[in-house]
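Visitor: pasted the sequence and its predicted model underneath.
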Amino acid sequence: MERRNLLKLPLAAAALSLAAGVALAQEAEKKVIGVSIPSATHGFMGGLNWHAQDTIERLGKVYPNLEFVLATAGDAAKQVSDIEDMLATRNIDGLVVLPFESEPLTDPVKQVKAAGKFVTVVDRGLSEEGIEDLYVAGDNTAFGRVAGEYFRDNLKAGGKIVVLRGIPTTLDNERVEAFQAALGGSDKEILDMQHGNWNRDDAFKVMQDYLAKYPQIDAVWAADDDMAVGVLEAIAQAGREDEMVVVGGAGMKDIVKRIMDKDPQLPVNVTYPPALISSAIEMTALRFVSNAPMAGRYIIGSQLITPENAEQFYFPDSPF
Amino acid sequence: MKRIDLHLLGPLVALVGLFILGALLNPAFLAPANLSNVLARSAFIGLIAVGMTFVITQGGLDLSVGSMAAFLAGIAIMAMNALAPITGENWGTILIGMGVALAGGLLAGFANGALVTKARIEPFIVTLGTMGIFRSLVTWLADGGTLSLDSGLRALYRPVYFGGIGWITWPIIVFAIVAVLGEWTMRHTRFGRHVEAIGSNDRVARYSAVDVERVRLKTYVLLGALVGLATILYVPRLGSASGSTGVLWELEAIAAVIIGGTALKGGRGRVWGTVVGVLILSLIDNILNLADLVSPYLNGAIQGVIIVLAVVLQREKRSAE
């Protein structure tokens, strides 16, 4: 008993001084922000989950009058239930949502908006326009274009490229179309495009088959760093490391590290930062604690990571 | 007699047909490097499918094998990473990692089997449950990301997948040995005969003094051990495991077993047929990648058609008997 009191004493003192410091903020109404994202089923989402938790923890300390409710869902139906629960039982004032799928989430998010809440939609748009107050997303067109332009400008004349596509989705189509458009009219040739499904094992198999099929490959657009890992392994098995360069995407820490170390096989990478969820949460928080206008569309550009700037994209603590 | 032969050889004929098709479409298909790739890739599903043949033949099912493989790969990698600073980057550490995968597989298989035989829960439900458990555990262990093997160990361990005797790499050798042993066990041992007897009619088997539950339990443990063995060969390939490792392996293994002529309702097991089934599935994938026959969007449809066709042909032949 005594021991517990002893422990409480300094804590109470700390709380008092803290309370004095933030008295102003405490007087402001308590605001609850709900964050609903897909669960960590693959590397990119794992990174996104990590950044979401990290941001919530940090913002919770900076703004004591803000409370966050985080829910992760393995499928669209679960996410709909999560959002209904947030509205019904947690009395949220704002919602940050990365829709698992556009169609099924459109109506539930519309209900949240109709209840007078502030809505931020992240990365995947809803199927109806004008619901969200704020839209934060990566730029899929730029993601494909930046990679395409790199190959156009840096590959030798007549260079041959193979492409690994992701899971068949509109997102993947946007990337690939922009990639093809960037190469259009150049003297570089796309040999083949197959789906590696953003998965290491699938990418490994597809790359093995590319290597068996094509005697000359100068570059691989793996379009995702998980796939790039599988691709690199297949190339190593065939002993053709010196023949081709690999460009992945999304900036996985291991790959960024190798770019930093000037690995000749991995000259560049294109960003599609999982930390975009942090931008969304941060801007939604600002809506409640400041007078800064937070509405409209915020598109995070896809940048080219080169050995020169790689350091600023390297997050050793992130799981991705 | 002749009819039965044809029926038995159905899957084999399909396999030969695929070989000829592959060779005609792209000369690179018959290159030893390509064949070696296809066989080595088949090894994971192949080992699991051999175990699955025994489980299905006794009238059971195991949906958890893909998740189990991911989980075992995860704990084996974590064990090796944790031990590396103590035991050093040497084969001893890797052997311990292999041991962890194998022991984990035995335990996981035992858990599945015990829930089916002791707690008397439907195998479909038990393994649907453990499938979710293993998948969540590996995602949780990896913190939603990827578990990667320490690079020093990785370099040492790598030849287990990529090395071998010339083009015949270790996964191919292990798969071949397990297939031969599996066929022999099914045909020529008491255990194999008991498995078939239980699958055809478990009551008759029980009256014939067969310890039905014990034999059933053994099939799940055997499958668990083979999943462990598959994991041992899988880890050196990419040196990593994540929540997306081994997704849908269970269905590929079950499909291979059925294509090979084992009855889904149990009673008739054919290990060599399973091996042919696994090879058919891998070859379809490989041929579709090598030849630009159809839009890649349709790859899944082609596989589906061939799986259904393979089984339909067998059914028709059986009714003609």
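Guide: Structure's in. What do you need? Please read all numbers here as calculations on a predicted model, not as lab measurements. Numbering: from 1, shown residues only, chains lettered A, B, ... in the order given.
Visitor: can you pull the contacts of residue A:244?
Guide: If you count contacts by C-beta atoms under 8 Å, 6 or more residues apart in numbering or on different chains, residue A:244 has them with A:217-220, A:235, A:265. Backbone N, C-alpha and C define where each C-beta goes, glycine included.
Visitor: swap in residue B:288?
Guide: Contacts for residue B:288 (C-beta under 8 Å, 6+ apart) come out as B:294, B:296, B:299, B:302.
Visitor: point me to the helix or strand that includes the nearest residue to residue B:260 once chain neighbours are set aside.
Guide: Once flanking residues are discounted, residue B:260 sits nearest to residue B:273: 2.9 Å by C-beta to C-beta, 6 or more residues apart in numbering or on different chains. Using DSSP states H and E, the element containing residue B:273 is helix B:271-290.
Visitor: so for that helix, what's the average pLDDT?
Guide: In this model, helix B:271-290 carries a mean pLDDT of 90.
Visitor: output that helix as PDB, restricted to C-alpha atoms.
Guide: Extracted C-alpha coordinates of helix B:271-290, given in PDB (Å, rounded to 0.1, in the frame of the first residue of the first chain):
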ATOM      1  CA  VAL B 271       0.300 -40.900 -53.800                       C
ATOM      2  CA  TRP B 272       1.900 -41.100 -57.200                       C
ATOM      3  CA  GLY B 273      -1.300 -39.600 -58.600                       C
ATOM      4  CA  THR B 274      -0.900 -36.700 -56.200                       C
ATOM      5  CA  VAL B 275       2.600 -36.200 -57.500                       C
ATOM      6  CA  VAL B 276       1.300 -36.000 -61.000                       C
ATOM      7  CA  GLY B 277      -1.400 -33.600 -59.900                       C
ATOM      8  CA  VAL B 278       1.200 -31.300 -58.300                       C
ATOM      9  CA  LEU B 279       3.300 -31.300 -61.500                       C
ATOM     10  CA  ILE B 280       0.200 -30.600 -63.600                       C
ATOM     11  CA  LEU B 281      -0.600 -27.500 -61.500                       C
ATOM     12  CA  SER B 282       3.000 -26.200 -61.700                       C
ATOM     13  CA  LEU B 283       3.300 -26.800 -65.400                       C
ATOM     14  CA  ILE B 284       0.100 -24.900 -66.200                       C
ATOM     15  CA  ASP B 285       1.500 -21.900 -64.400                       C
ATOM     16  CA  ASN B 286       4.800 -22.200 -66.100                       C
ATOM     17  CA  ILE B 287       3.400 -22.700 -69.600                       C
ATOM     18  CA  LEU B 288       1.000 -19.700 -69.200                       C
ATOM     19  CA  ASN B 289       4.000 -17.500 -68.200                       C
ATOM     20  CA  LEU B 290       6.200 -18.800 -71.000                       C
END
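Visitor: hang on, residue B:147 in a helix?
Guide: No. Looking at residue B:147 with DSSP: H, G, I helix; E, B strand; the rest coil, it is strand, so not inside a helix.
Visitor: whichever residue of the stretch 101-250 of chain A sits closest to chain B: neighbour count?
Guide: Using C-beta to the nearest C-beta, the closest approach of the stretch 101-250 of chain A to chain B is made by residue A:209 at 3.6 Å. Around residue A:209 there are 26 other residues, counting by other C-beta atoms under 10 Å in any protein chain shown.
Visitor: repeat that for the one 10 residues further on.
Guide: Using other C-beta under 10 Å as the criterion, residue A:219 is surrounded by 24 other residues.
Visitor: that one reaches residue A:161, doesn't it?
Guide: Yes. If you go by C-beta atoms under 8 Å, residue A:219 and residue A:161 touch, sitting 4.7 Å apart.
Visitor: look at residue A:26 and report its pLDDT.
Guide: 46.
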